[in-house]
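J.: Next come a sequence and a model predicted from it.
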Amino acid sequence: MATHGKKYNKVKAVVEDKVYDVAEAIRFLKANKVSKFDETAELAIRLGVDTKKTDQTVRGTVGLPHGTGKKIRIAVFAAGAAADAARAAGADVVGNEDLIEKVKGGWTEFDVAIATPDAMKEVRKLGKVLGPRGLMPNPKTGTVTDDTASAVRDSKAGRVEYRMDRSGNVQVPFGRLSFDEAKLLENVNVLIAAIRAARPAAAKGTFIKRCTLSSTMGVGLRVDVRD
């Protein structure tokens, strides 16, 4: 079982059972950093959906106004002009059959995978490697497209993907604690609004059941984001 240091436990004792507004939570996280490195700020939401029904799946992407502060490594599965466009836009690795074989061997040193519709015919076969890591390109998130240049630029500029897990939870980074408070607030508000807008028509009752803000090593702060 994981153990925490004195600083973490001291902070946890202060925040236990308290509900914050979003701006207050961000202010608290910045003022009570647990580690010396620049921690990532994260949003976690518990959704009120029936996870057994495919028409209540929540998944999408949103561009954060101020990015995440993380250098995004992008792999693009494409050939010809689409491959050239991806390279020109700043993709970290571009390939087709060669890249597919490399990933098939277990290589996954990238954060976002983009593929053209033609390349997806073979990329789909990489499900066992890409699927568990959340790296499979998907038309719903704009990562299956012939416009590879735009997809690469969007990802580099701070576009993040949100997707619920099997328990109906969504967890997404929205910046670094070194960001100005106003930038973190704008990022997280855009992210929450996007998730709220993705509410499936079939979902009943309260959609956002619980929302927590935290940092990489810090405690989770429950925040009030009523529907």
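T.: The structure has been received and is ready for your questions.
J.: Count the residues that sit near the residue nearest to residue 150 when sequence neighbours are not counted.
T.: Distances taken as CB to CB, 6 or more residues apart in numbering place residue 89 nearest to residue 150, at 7.8 Å, with adjacent residues excluded. Using the backbone N, CA and C atoms, a C-beta is placed for each residue, glycine as well. For residue 89, the neighbour count with other CB atoms under 10 Å is 21.
J.: quick one, what contacts residue 158?
T.: By CB atoms under 8 Å, 6 or more residues apart in numbering, the residues touching residue 158 are 63-68.
J.: ignore the last one, residue 152
T.: 74, 76, 86, 89-91, 114.
J.: cutoff 10 Å now
T.: 72, 74, 76, 85-92, 94, 112, 114 (CB atoms under 10 Å, 6 or more residues apart in numbering).
J.: any idea of the pLDDT on the residue nearest to residue 150?
T.: Listed pLDDT for residue 89 reads 96.
J.: any idea how far it lies from residue 37?
T.: 30 Å (CB to CB, to the nearest Å).
J.: Sketch out the strands for this structure, chain order is fine.
T.: 19-20, 40-47, 59-63, 74-77, 93-95, 112-115, 159-163, 169-176, 208-215, 221-223 (DSSP state E).
J.: any chance of those in a markdown table, with mean neighbour count too?
T.: Listed next are the strands of the chain as a markdown table, based on neighbours: other CB atoms under 10 Å:
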| stretch | mean neighbour count |
| --- | --- |
| strand 19-20 | 16 |
| strand 40-47 | 20 |
| strand 59-63 | 17 |
| strand 74-77 | 27 |
| strand 93-95 | 21 |
| strand 112-115 | 27 |
| strand 159-163 | 20 |
| strand 169-176 | 21 |
| strand 208-215 | 19 |
| strand 221-223 | 20 |
